[in-house]
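Peer 1: with the sequence up front, the predicted model follows.
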Amino acid sequence: MENKLAPRFTLKDQDGKERTLSDYSGKWLVLYVYPMDNTPGCTKEACSFRDERDEIALQGNAVVVGVSRDSVESHKKFAEKHHLNFTLLSDPDHELISDLDSYKPKNMFGRKVLGTKRNTFIINPEGLIVKEYLGVNPAIHATEIIKDLKKLQNK
């Protein structure tokens, strides 16, 4: 997926506002895909991005956006409960998630089911995916992003 144009999207955020890829043109976009609001790993990842958001923003005016299949209402409650300071997109039909090759078979209780993979994509200001992370570790992922944003921008 690296070095390809990011898929276009129009999805609602946790406030019901429609967001598109073009809303982020001219900025570095950290688009992270996660399975479900309020699960342990997803909460850890979201809170890590929350805590590192200011440092991430210093890296070329980068913006963090999360996306999952959860509803707008679920995202709103999740964001409020954990004081999240970034956008969460609702993709109930997994269109963007599928376009990012992040809706795949996975093992759950010993059987294969379709589900959302925990993946992240760094998209440059021109809309090109320049870095992808597949199956990330939520505990250290935000610091990885900061390090790689610096590298990608030759800082």
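Peer 2: Here it is on my side, so go on.
Peer 1: remind me, longest helix of the chain?
Peer 2: Taking DSSP state H as the criterion, the chain has its longest helix at helix 40-57.
Peer 1: tell me the mean pLDDT for it?
Peer 2: For helix 40-57, mean pLDDT is 95.
Peer 1: point out the other helices and strands that that helix packs with.
Peer 2: strand 29-33, strand 63-68, helix 141-152 (3 or more CB pairs under 8 Å, 6 or more residues apart in numbering; DSSP states H and E). From N, CA and C alone the C-beta is placed, and that goes for glycine too.
Peer 1: one more time with 6 Å
Peer 2: strand 63-68, helix 141-152 (3 or more CB pairs under 6 Å, 6 or more residues apart in numbering; DSSP states H and E).
Peer 1: show me what counts as buried in that helix.
Peer 2: Across helix 40-57, burial judged by 16 or more other CB atoms under 10 Å covers 42-43, 45-46, 48-50, 52-53, 56-57.
Peer 1: same thing with stretch 97-114?
Peer 2: 97, 100, 102-103.
Peer 1: nearest to the spatial middle of the chain, which residue is it?
Peer 2: Y32 (1.6 Å; CA atoms, centre = their mean).
Peer 1: from H83, how far out is it?
Peer 2: From Y32 across to H83, the span is 18 Å (CB to CB, to the nearest Å).
Peer 1: is the residue nearest to the centre of the chain in contact with G66, as I believe?
Peer 2: Yes: look at Y32 against G66 with CB atoms under 6 Å: they come within range, at 5.2 Å.
Peer 1: skip the chain neighbours and tell me the closest residue to Q14.
Peer 2: H75 (3.8 Å; CB to CB, 6 or more residues apart in numbering).
Peer 1: and the host helix or strand of that neighbour, what's buried?
Peer 2: Element membership for H75 (DSSP states H and E) is helix 72-81. For helix 72-81, the neighbour count (16+ other CB under 10 Å) marks 72, 74-76, 78-79 as buried.
Peer 1: kindly report the same for stretch 57-66.
Peer 2: For stretch 57-66, by 16+ other CB under 10 Å, it's 57, 59-60, 62-66.
Peer 1: how about the residues you listed, which pair is most distant?
Peer 2: Spatial extent of those (CB to CB) is set by the pair G60 and G66 at 19.3 Å.
Peer 1: quick one on the thing from earlier: just how off-centre is the longest helix of the chain within its chain?
Peer 2: 10 Å (CA atoms, centre = their mean, to the nearest Å).
Peer 1: right, I'll leave it there.
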